[in-house]
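*Asks:* Provided below are the primary sequence and the corresponding predicted coordinates.
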Amino acid sequence: MTKYSILDLVRIRDNGSAKTSLNNARDLARHAEQWGYTRFWMAEHHNMPGIASAATSVAIGHVAEGTETIRVGAGGIMLPNHSPLVIAEQFGTLDALFPGRIDLGLGRAPGTDQLTLRALRRHPGSADSFPQDVLELQALLGPVQPGQRIQAVPGANSHVPLWILGSSTFGAAMAGEFGLPYAFASHFAPDYLYTALETYRSRFKLSEQQETPYCMMGINIIVAPTDEEAEFLASTQRMSVTNLLRGDRGLSKPPIADIDTYWSVDERVQAQRMLAMSVVGSPDTVRTKLEGILAQTRANELMIVSDVYDHALRLRSYEYIAQVMLALNSEKTSHVV
């Protein structure tokens, strides 16, 4: 069975607000736990007017408070931006409030530009100590050792599950060596997906947290009643990626009928490469394409981005996706039996 989960970018729309986006995230999570989604993640991005999840641990608390069963977490926290002790305290607090429901995904990239990195009071070389920082964080979330002088309170002995996030073989090898689950950011950087998954599986070592390799892959999926409507809705994300290539981190835009009037030929090539791991269409179209992707990647879990401008239509897309995943999992189970 392939688990399915949500990565919410908490996009701020034209004429919208951060409050509306955060409340929409919580509403989506409420529906998602009814539709069988395993987890609901948000990511750390700074100095981006179009994304409302910069204070990621606060946003996680907002969503977790409004839900009951779904796991809620970070996908991810950019650890070079923070002290491991502070993150252990933040996520230890979340675990104390919502026990057994919190995930902590960790990334090595700064999640922002160099100017903002300086505003965060972090050194550009902070990423070099990422492996050591992960081990320090893991220790702070584990049992207190005799003579240990620094403790995360709350946090110690919480064993909040850690994930390594990445878009290259560096994170894959590290996740395997540390015996942690691995999430690949193929929803925006798919080039090394298959190499990274193979690296992770071949390097995996048994750990206290994880007995066997566990791979999650990011994927963009937009579902509507027809292929044509789904392609129309997908123009919002395609414009956002085009804007990012232009250095514009602005608000999410409503869909347009002809995306070719928006991007140049070069921008289209770059955007389509970034969004190569995308499935757009009707439920039948999406089911067929997903079946092939799952067979090729053998991913244990899909982390799904459905970047639809209108909240009601985004809910509809995620409900369709859940129905497709339930059908695929049911088919897989029947073949086993």
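*Replies:* Done, it's in. Numbers count the residues shown, from 1 in each chain.
*Asks:* Under the pLDDT cut-off, which ranges of this structure? List them.
*Replies:* Low-confidence segments of the chain (pLDDT under 70): 110-112, 334-337.
*Asks:* which stretches of the stretch 151-300 of the chain form helices?
*Replies:* In the stretch 151-300 of the chain, the helices defined using DSSP state H, counting those that start in this stretch lie at 169-178, 193-203, 227-245, 265-274, 283-297.
*Asks:* Now render the ones you listed as a markdown table, adding distance to M42.
*Replies:* (C-beta placed from N, C-alpha, C; glycine too.) Formatted as a markdown table, the helices of the stretch 151-300 of the chain follow (distance: least, Cβ to Cβ, whole Å):
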| stretch | distance to M42 |
| --- | --- |
| helix 169-178 | 19 |
| helix 193-203 | 22 |
| helix 227-245 | 16 |
| helix 265-274 | 20 |
| helix 283-297 | 23 |
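*Asks:* Is it possible to get TSV of those that adds mean neighbour count?
*Replies:* Shown next, in TSV, are the helices of the stretch 151-300 of the chain (neighbours: other Cβ atoms under 10 Å):
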stretch	mean neighbour count
helix 169-178	21
helix 193-203	18
helix 227-245	20
helix 265-274	14
helix 283-297	16
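*Asks:* S330 is nearest to which of these?
*Replies:* Each of the helices of the stretch 151-300 of the chain has some distance to S330 by Cβ to Cβ; the shortest is helix 283-297, at 11.5 Å.
*Asks:* Parallel or antiparallel, list what pairs with the helix or strand that comes right after the closest one.
*Replies:* Moving toward the C-terminus from helix 283-297, the next helix or strand (DSSP states H and E) is strand 301-305. Next to strand 301-305 in the sheet, as set by DSSP bridges, lie strand 3-8 (parallel), strand 215-223 (parallel).
*Asks:* TSV for those strands, including mean neighbour count and distance to D133?
*Replies:* Below are these laid out as TSV (neighbours: other Cβ atoms under 10 Å; distance: least, Cβ to Cβ, whole Å):
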stretch	mean neighbour count	distance to D133
strand 3-8	24	23
strand 215-223	26	21
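*Asks:* Just send the ones you listed back as TSV, with distance to M48 too.
*Replies:* Shown next, in TSV, are the strands paired with strand 301-305 (distance: least, Cβ to Cβ, whole Å):
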stretch	distance to M48
strand 3-8	14
strand 215-223	18
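*Asks:* wait, which of those strands is closest to S306?
*Replies:* Taking Cβ to Cβ, strand 215-223 is the member of the strands paired with strand 301-305 nearest to S306, at 5.6 Å.
*Asks:* What is the lengthiest helix in the chain packed up against?
*Replies:* Assignment by DSSP state H gives helix 311-336 as the longest helix of the chain. If contacts are counted by 3 or more Cβ pairs under 8 Å, 6 or more residues apart in numbering; DSSP states H and E, helix 311-336 sits against strand 3-8, helix 18-34, strand 215-223, helix 283-297, strand 301-305.
*Asks:* quick revisit: so which of the helices of the stretch 151-300 of the chain comes closest to H311?
*Replies:* helix 227-245 (12.2 Å).
*Asks:* ok now do L162, which residues does it touch?
*Replies:* Listed by Cβ atoms under 8 Å, 6 or more residues apart in numbering, the contact set of L162 reads L104, G105, L106, V134, L137, Q138, L141, L180, Q209.
*Asks:* measure the closest residue to P131 other than its chain neighbours to V324 for me?
*Replies:* Closest residue to P131 apart from its sequence neighbours, by Cβ to Cβ, 6 or more residues apart in numbering: M174 at 5.8 Å. According to Cβ to Cβ, to the nearest Å, M174 stands 33 Å off from V324.
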